[in-house]
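1. Kindly return the folded structure for what I paste below:
(chains A and B)
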Amino acid sequence: MTLEKRRAPLEPGERLETIIRTITQTQVEAYARAAGDYNPIHLDAEFAAKTPFGRRIAHGMLTLAIVSEMLTSAYPEHWAFGGRLKVRFRGPVFPGETVQTSGEVTRVKEVDGVRVVEIAVGVRKEDGSDVITGQAFIPVHDSPAT
Amino acid sequence: MPLHDLEPGHEFPPESLVISEAEAAAYAAAVGDVTARPSERVPAMAVIAAGLSRFISHLGLADGTVEVVHASQEVSFKRPVSPGETLEIRAVLKSNAERRGNRFATVQMSFVDQTGEEVAAASSLIIVNTP
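-> So this is what the prediction gives:
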């Protein structure tokens, strides 16, 4: 079997491979255990019903993990070696909803001799509403760290 | 100490954080990360998530008495963390103010390895509904 390695997006306008994922309540509960975040707004239907959201919501960091996965996939040897991410959480994801990541290179600049790729990142629901918007900055060294 | 009693600049006691291979694998499975290699590296965001969860819990914000919303997040990584590696979390409350019945607090965290080098950093803005 041959594994085809996709070239990392390095030019303005290039897009990162999208990830589409449906967030389930089972996944939210597994995330709570794995991350140690037991906030009842994610887990307790009765509690969540009394909040402005009206029902349980997924952890923001669970949704953000999908952005991190997209960046790891596009820049496997660079994201964890100097990568930076700034995001705002725009709206909740309710278990059962499907979200889709986006990433597009907006600028490439040289900082101290290192190419830094700036990427507009986001997560959107099927209805088009934004869940996460932000920017990532990936230093792309000529000799990738391993 | 409750969040509303803390002043901006408050430094939390340093905390030790170790994420085992099994915990890294559980995190990767929970978020559905198909790129993760938990036997070699802890998924980058798992470190931040573990740190943030601790401070939310320490501040008594996960006990069901208040609504907490995560409003924004900044993260940066210097290098991957190995499973089983011991880190120290150094956290500072950067801002803490009440506006229209909501408390806005920013916690800044630095994750430092055993040699004293920072391996990751994060800044989290949380909004707490204070009835």
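2. quick check, A:L62 in a strand?
-> No. Read with DSSP: H, G, I helix; E, B strand; the rest coil, A:L62 is helix and lies in no strand.
3. Pull the contacting residues for it.
-> A:I23, A:Q27, A:V28, A:Y31, A:A35, B:A30, B:V31 (Cβ atoms under 8 Å, 6 or more residues apart in numbering or on different chains). The way it works is simple: take the backbone N, C-alpha and C, and place the C-beta from them, glycine included.
4. other SSEs contacting the biggest helix by length in chain B?
-> The single longest helix within chain B, with elements called by DSSP state H, is helix B:44-58. Judged by 3 or more Cβ pairs under 8 Å, 6 or more residues apart in numbering or on different chains; DSSP states H and E, helix B:44-58 is in contact with helix A:25-35, helix A:60-74, strand B:15-18, helix B:21-31, strand B:67-77, strand B:86-99, strand B:102-112, strand B:118-129.
5. Can you pull out the low-pLDDT segments for chain B?
-> B:130-131 (pLDDT under 70).
6. What distance do you get for the residue lying farthest from the centre of chain B to B:I127?
-> Distance from the C-alpha centroid of chain B peaks at B:R100, with 25.9 Å (Cα atoms, centre = their mean). In this view, B:R100 and B:I127 are 11 Å apart by Cβ to Cβ, to the nearest Å.
7. same deal with B:Y27?
-> For B:Y27, the distance to B:I127 - Cβ to Cβ - is 25 Å.
8. Looking at the two, which is more packed in?
-> Comparing B:Y27 with B:I127 by other Cβ atoms under 10 Å in any protein chain shown, the one with more neighbours is B:Y27, at 26 against 17.
9. Please list all residues in contact with the more buried one.
-> A:Y31, A:A34, A:A35, B:I19, B:D33, B:A36, B:P38, B:V42, B:P43, B:A46, B:A49.
10. try 10 Å this time
-> Applying Cβ atoms under 10 Å, 6 or more residues apart in numbering or on different chains to B:Y27 gives the contacts A:30-31, A:33-35, A:65, B:19, B:33, B:36, B:38, B:42-43, B:45-47, B:49-50.
11. what do you get for B:G116?
-> B:E88.
12. The stretch of helix or strand A:R115 belongs to pairs with which strands, parallel or anti?
-> Here A:R115 sits within strand A:114-125, counting by DSSP states H and E. Strand pairing for strand A:114-125, using DSSP bridges, gives strand A:98-111 (antiparallel), strand A:130-140 (antiparallel).
13. Just name the most buried of those.
-> Among the strands paired with strand A:114-125, the stretch with the highest mean neighbour count (mean count of other Cβ atoms under 10 Å in any protein chain shown) is strand A:130-140, at a mean of 20.
14. So for that one, mean pLDDT?
-> Averaged across strand A:130-140, the pLDDT comes to 97.
15. now it and strand B:67-77, what's the angle there?
-> Following axes from the mean of the first three to the mean of the last three Cα atoms, to 10 degrees, one obtains 20 degrees for the angle between strand A:130-140 and strand B:67-77.
16. Identify each buried residue in stretch B:54-63, please.
-> If you call a residue buried by 16 or more other Cβ atoms under 10 Å in any protein chain shown, then stretch B:54-63 has these buried ones: B:R54, B:F55, B:I56, B:L59, B:L61, B:A62.
17. Identify the farthest-apart pair in those residues.
-> Farthest-apart pair in those is B:R54 and B:L61; separation 11.2 Å (Cβ to Cβ).
18. residues touching B:T86, list them.
-> By Cβ under 10 Å, 6+ apart, the contact set of B:T86 is B:S16, B:L17, B:V18, B:I19, B:V112, B:D113, B:Q114.
19. Buried subset of the residues you listed as a ChimeraX selection?
-> If you want just the buried ones from the contacts of B:T86 in ChimeraX, going by 16+ other Cβ under 10 Å, the selection is:
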select /B:17,19,112,113
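20. okay, how far is it across stretch A:41-58, tip to tip?
-> Using Cα to Cα, to the nearest Å, one end of stretch A:41-58 lies 8 Å from the other.
21. Buried by neighbour count: which residues of that stretch qualify?
-> Buried residues in stretch A:41-58 (16+ other Cβ under 10 Å): A:I41, A:H42, A:L43, A:F47, A:A48, A:T51, A:R56, A:I57, A:A58.
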